[in-house]
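# sequence and predicted model, in that order:
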Amino acid sequence: MEGIEGHAGRFTVTLREHPRFVDINKCIACGVCAEKCPRKVEDAFNEGLNKRKAAYVQYPQAVPLKYAIDADHCIYFEKGKCRACEKFCPAGAIDFNQNERIFTIEVGSVVLALGARHLDPSAIEEYGYSTFPNVITGMQMERILSATGPYQGRLVRPSDGQPPKKIAWIQCVGSRSTGATAHEYCSGVCCMYAIKEAVIAKEHAGRDLDAAIFFMDMRTHGKEFERYYRRAESELGVRFIRSRVHSVESSAPGSDSLKVRYADDTGAEAEEIFDLVVLSNGLETSNEVRELADRLGVAVDENGFVKTACLSPLETSRKGIFVCGSVANPADIPQAVMEASAASSAAARLLAKARGSQVREKEYPAEKPIDPAEIRVGVFVCHCGINISSVVDVTEVRDYAKTLPGVVYSTDNLFSCSQDTQQTIRDAVTEHRLNRVVVAACTPRTHEPLFQETIREAGLNPYLLEFANIRDQDAWVHQGCPEEATVKAKDLVRMAVSKVTFSEPVERLQITMHKSALVVGGGVAGMTAALGLAEQGFPVHLIERNGNLGGNARNIRATWKGEDVRSYVEELSKRVIAHPDINVLLNARIESVSGFVGNFLSRVRKGGRSEEISHGVAIISSGGGFYKPEEYLYGQHERVTCWHELEDLFEKEPERLQRAEAVVLIQCVGSRDEDRPYCSRLCCTASLQQAVTLKTRKPDLEVYVLYRDLRSYGLREELYRKARELGVIFFRYTPENKPAVSAYEGTRGKLNVTVQDHVLNIPISLDVDYVNLFSAILPQTDNDLPHLFKVPTNTDGFFLEAHAKLRPVDFSTEGVFVCGLAHYPKPIEESIAQAEAASSRAAGLLARGTIEVEPVVSVIDQERCVGCGFCEASCPFGAVKLVAVAGKGFRAENIPALCKGCGICAAGCPQKAIDIYHFRDNQILASVQAGGETTREAKASSRPSPAARVTFVSGYLMRRDCMYHVGHTWIERMKGGRLRIGVDDFAGKILGPVDRLNLPPRGEVLRQDRKGWSFLRASRRAPFLSPVTGKVFDINLDAVSHPENVLKDPYGDGWLLVVEPKGSEAELKHLLYGEAGFRWMEEENRKLLELLGPEYERLAASGGGAVEDVFGIRPEIGWETLVKTFLRTEV
Amino acid sequence: MNDEFQPRIIAFLCNWCAYAGADLAGVSRIQYPPTIRVVRILCSGRVDPLYVVKGLQSGFDGVLVSG
Amino acid sequence: MAVVRYLMELSGIGADRLCLRWVSAAEGARFAAYVQEYSEQILRLGPFLPDDFALPLAAMDKALGSPRLRWLMGMEIKITEKGNIYGEKLDEQAYRQLLNDAAREEYEKALVLAALRTRPGTVRDIALETGLPVYTVSCRLNELERSREAELCGYRATSPEFRHVGL
Amino acid sequence: MVVGGGIAGIQASLDLVSSGYLVHLVEKAPAIGGLMSALDKTFPTNDCAM
């Protein structure tokens, strides 16, 4: 950007376009030019960790993915020969006679998003960045950890390629210090990226990696940051050492590891050896940015950041030019995204009249009809860098997918969600005529819309897609067992394929937008959002609970830059009330909200009567309150105040300030503890501001600040320096021993505060006139907005946005947005920026005439429906109604727009007449069936086959799963607790063939160990003992007519009785089971051989079979003895 | 692979609550046994009693319904 | 789900094969803990062999699909809160009992029918096959006869034999 | 016109387009993405920055 002329609304900008020497339309990014190029250059993208060629692309997933030639290092430009790339380029895309182009463009407004650059730490010699290879910057560590980095994501040291065991992070490198190239401000992001890198490094290298972070104040002030910090410290064992590192040297001559020397809390000298040292270098603006700002006439502050006012954080000194991101103040990604949306709202307001004049609608190719019979599934398995492939064997899953029915194409990609892979997917769909797609990658909740859009651009209906979540719910959570994770991945892919075969094309629903907005909460955030939308031409209804506008901002005097807030709030309220398109409703509360994005209907009660408001979008800015502390005598002593109460007191009675000699300000009251484990973020800045104003108004007043971590992040560090210069004294306390406040006499006199000094390590007692507490900021919980709008809140009670980074002001429910304290505690300038962002996101929806709604809704088969109305009763969204149908009485009918697709009606419908698009019964059942397939086969094959249940003991057939009674009967458990009884092989063999069985009649009651029934062989009788007590339920009539079965098949057809046991369970204990039964049988066999005499013993010993009919062969033994010894009964 | 019994559980997870919770467990790398096979549904109310029977018939050892 | 749990208990499958847990989107750790705990519980329970419970599962499938149960389940709100035209209402406990009884009857009917599907049998055979008491089997059988799902097909000695209609 | 193609520039352009304006995005490097594209993961959700 060379220069700019004109005024807001009509600028002409002159641009210089550097030549790329590659024709974008021809280049297919095949990489041959880079391969063939002889010249190696330091790769700035990888922070100089490796080399790239003069012909290069920044990174494999760059957007646009087109190569470029680096003119400063290309041999052709230096010596005029080579042109190797031109020879080998298959697409003929190299074009050396491209030259610089300078041209002008007419624009209405400009947004500067130039970002910031990482500070070069080589100027700080004590850290030895330029001398030691293993001292690297935060960005270099980032590249080492990245899968597209120089080492493909393997965590190794640059010097010798060995994995480090101990890594140190040194904070505030080039920030918060007055060194030569350093800056006084705090860069605001290094603490967080250091902790993240330590956590991710531990994940790469395993939990035993020793990660230590050397810091002064741990500034984790953002939403969920404090929890991340606590978890890194307590759960993952990252060491946090509060110290100031003064030098890094080589640990021993010639060794690659480094000795870090630092002074710890107590001031003692300490040192420690590390394999790798990471310098968390801060952010700064480059000189190019300063020159560009001059050319544009945009003012810059002393640190080189574009100067912005707190109360108009997006406007620069020149009207019509807006700013966002790190070029205005060092910001992390959520802050940058919020400010970007805000800047687009500010820019859009300027062009409201020209909306839509130069925009064309995106068309999609006609949808190819698919023939349901022919299933052609394409499976795309993702590595997600190393997130998946480090645990799941992706190639194995890909090859497995090929074997699944219906799958005609299966491949794997490094990053499926990257721009280039989207193109390969589109090509694959057309080339292989795919009509179904399965993506095995991350969670569908975030990436399904992306892939649906891709296949829609390839002419496929977006609902012919199914996701298998093998990252968040497989690779990431089963890192300890890779094989099991791979098996699970295969199962999930199989389930997805079986479900997608039943998918069918579903048409998107178009709904007209109601072009008006509802803003809930009239604080500064609410008013800013309302104005943001109204000035873009959309009518707004502003609902405020109290009687006046302004909210919490009314009791703030000034921003940290000293701008007067009170007058700003006054002026803002006037502008809101005066604006024709804003309908302000004071003392109003919301009673009910119904409808959906584009067609909300809210009932608002105001002064006794309630009115209905229909609106397209809603912005929640319900603000927050502060925690009324119980500790430190608050509420019991007149001089213990909270937040602004001290300033109000001094304003009302100035002489109190004159008389006061000392004041104490205590931080983190009720914040960062068990019940509120979050940082309220603005108390540090507010307390420093209060300390500075008190000191300037009364220089001899003693001001003490008691803090845990002083988090004056970003450019606010200046306040901390000013406070120290004015003589404010800071004490750091730890949650373990908090300061104690006690009153001398009564509730009006002086107070005493004792606190443990962190340097001297002794308790200090301070006599003070006032104690001011900075307590936690709480969300507004006495309204039931979460239920009304059906939007979630996080565990601390603040609203849970759709995504912390990518959609920080949206909710996952479409059409509802959040800004201000309701999202998370934040200073007023960030609330204003977030309100603008919310209005921009809302305007994005309102600008469109119609909106497409998820067509995953119920479908009702009116033939089967009988009009019972259960669905209407059970539907939480009122999305199904009973309507009169000619000739059929009442039938159910759904209202697609209201339907959320939850399916409660489908599950409850007695006639199974309702189904849900994309989640049909047959789809879900198929998925369940596929899920169990492998285990189902395994179980079927592993069922003990009947043969396995039988075994031979001393030649006699026995059943493993039966119990045995000493009277040689077997008992088998049957369903319903009944018992089947028969005679075992041994008894059959000793008695020989039997002529008649006389069994007890049905209903007879048998007693355990009493005679139950008997066998007859010719005239001899062999009575049997009943193994259990019970009533005879059934008799084997076939066996009675064919007694020979008993000998032939004692356990099968030869069963005798079925008994309903009447005895206690303990009775079964007397029976023999498993091994005990086998040993008993061997014993019985030994007794039999004794009876038979010596020659049989020899025969048996040689393993001969059991004798068939013992009595038949050796009648002399005697029927009675056989019956008595073995059946234990008297003849 | 060890032949000792690997339980297989079919899990019906509601997209807005349990499925999101499972993703959060993934994002925070909280490890749990690889026994569940997840079927994503839009609401736990969608689980028809027949799904539970189908799950047991399809070879799973347990059915988890989480909303 | 309560009915399913009741039937699982009744059929011997055991209610702890079904587990209901409530997790919010912010409770990742809790979800992992539940999976851990339930996996261990299933590990202790051992594998579930569907073939051993083929009959009860088929019976549950049919029972849960029966119009009687689906209507009863659907009318919960109507019975317990709205009441019929006379304003009579059942309290939760009474409704639960009514539902369980109906579920048991439907389950037993389905079990008998499933047993008959393999081969015709006398009341005693069916009792043997299904493990149900004889009296229950005969009650269900005549209900099945009234709904023309089972019919008399002959006599074996003195006891009547029944057949699944249409097989 | 949006000057600078980092995450902020991209988001601003997207929002402006969805509000119905033609956007010229000016970026000095051959590809957009800025610093964020070089990051491996982002706190606090550990999502991949890509």
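Good, I have the coordinates.

# can you name the element that comes right after the helix or strand that A:Asp1038 is a member of?
Per DSSP states H and E, A:Asp1038 falls inside helix A:1037-1041. Note on helix A:1037-1041: by DSSP H and E, the next helix or strand toward the C-terminus is helix A:1044-1048.

# contacts only, for the residue nearest to B:Asn15 when sequence neighbours are not counted.
Nearest residue to B:Asn15, sequence neighbours excluded (CB to CB, 6 or more residues apart in numbering or on different chains): B:Leu42, at 5.1 Å. Quick note: C-beta positions are derived from backbone N, CA and C, even for glycine. The contact partners of B:Leu42, taken as CB atoms under 8 Å, 6 or more residues apart in numbering or on different chains, are A:Val856, A:Lys900, A:Gly901, A:Cys902, A:Gly903, A:Ile916, A:Phe919, B:Cys14, B:Asn15, B:Trp16.

# what residues of the helix holding A:Asp1038 count as buried?
Buried residues in helix A:1037-1041, counted by 16 or more other CB atoms under 10 Å in any protein chain shown: A:Ala1039.

# what sits up against it?
By CB under 8 Å, 6+ apart, helix A:1037-1041 touches A:Leu997, A:Leu999, A:Asn1045, A:Val1046, A:Asp1053, A:Gly1054, A:Trp1055, A:Leu1056, C:Ala157.

# what about A:Gly526, neighbour count?
Neighbour count for A:Gly526, taken as other CB atoms under 10 Å in any protein chain shown: 31.

# please name the residues that touch it.
Residues near A:Gly526 by CB under 8 Å, 6+ apart: A:Val519, A:Val520, A:Leu542, A:Glu544, A:Leu549, A:Gly551, A:Ile619, A:Ser621, A:Gly623, A:Gly820, A:Ala835.

# now name the helix or strand holding it.
For A:Gly526, the element it lies in under DSSP H and E is helix A:524-534.

# that helix: how far from the chain's middle?
In this view, helix A:524-534 has its centroid 31 Å away from the chain centroid, taken as CA atoms, centre = their mean, to the nearest Å.

# doesn't A:Val768 make contact with A:Gly749?
No. Counting by CB atoms under 8 Å, A:Gly749 does not reach A:Val768; the two are 11.3 Å apart.

# neighbour count winner among these two?
A:Val768 (20 against 12).

# let me know the secondary structure of A:Ile200.
Put simply, A:Ile200 is helix when judged by DSSP: H, G, I helix; E, B strand; the rest coil.

# can you map out the strands along chain B?
Assigned by DSSP state E, the strands in chain B fall at B:9-14, B:36-41, B:62-66.

# what angle do the last one and strand B:36-41 make?
In other words, strand B:62-66. In terms of direction (axes from the mean of the first three to the mean of the last three CA atoms, to 10 degrees), strand B:62-66 departs from strand B:36-41 by 40 degrees.

# by how many degrees do strand B:62-66 and strand B:9-14 diverge?
Using the same axes, to 10 degrees: strand B:62-66 against strand B:9-14 is 10 degrees.

# how far does strand B:62-66 sit from its chain's centre?
Remark: strand B:62-66 is offset 6 Å from the chain centroid, using CA atoms, centre = their mean.

# and that strand, does that touch chain A?
No. If you take CB under 8 Å from any CB of the partner chain as the test, strand B:62-66 misses chain A, and the best it gets is 9.3 Å.

# could the contacts of helix A:1037-1041 be laid out in CSV, adding secondary structure and pLDDT?
What follows is those, written out as CSV (DSSP: H, G, I helix; E, B strand; the rest coil; pLDDT from 0 to 100):
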residue, secondary structure, pLDDT
A:Leu997, strand, 87
A:Leu999, coil, 88
A:Asn1045, helix, 84
A:Val1046, helix, 83
A:Asp1053, coil, 84
A:Gly1054, coil, 85
A:Trp1055, coil, 87
A:Leu1056, coil, 89
C:Ala157, coil, 77
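
# please list only the buried members of those.
Buried among those by 16+ other CB under 10 Å: A:Leu997, A:Leu999, A:Asn1045, A:Val1046, A:Gly1054, A:Trp1055, A:Leu1056.

# the second one and A:Val1046, how far apart?
Right, the one you point to is A:Leu999. According to CB to CB, to the nearest Å, A:Leu999 and A:Val1046 sit 11 Å apart.
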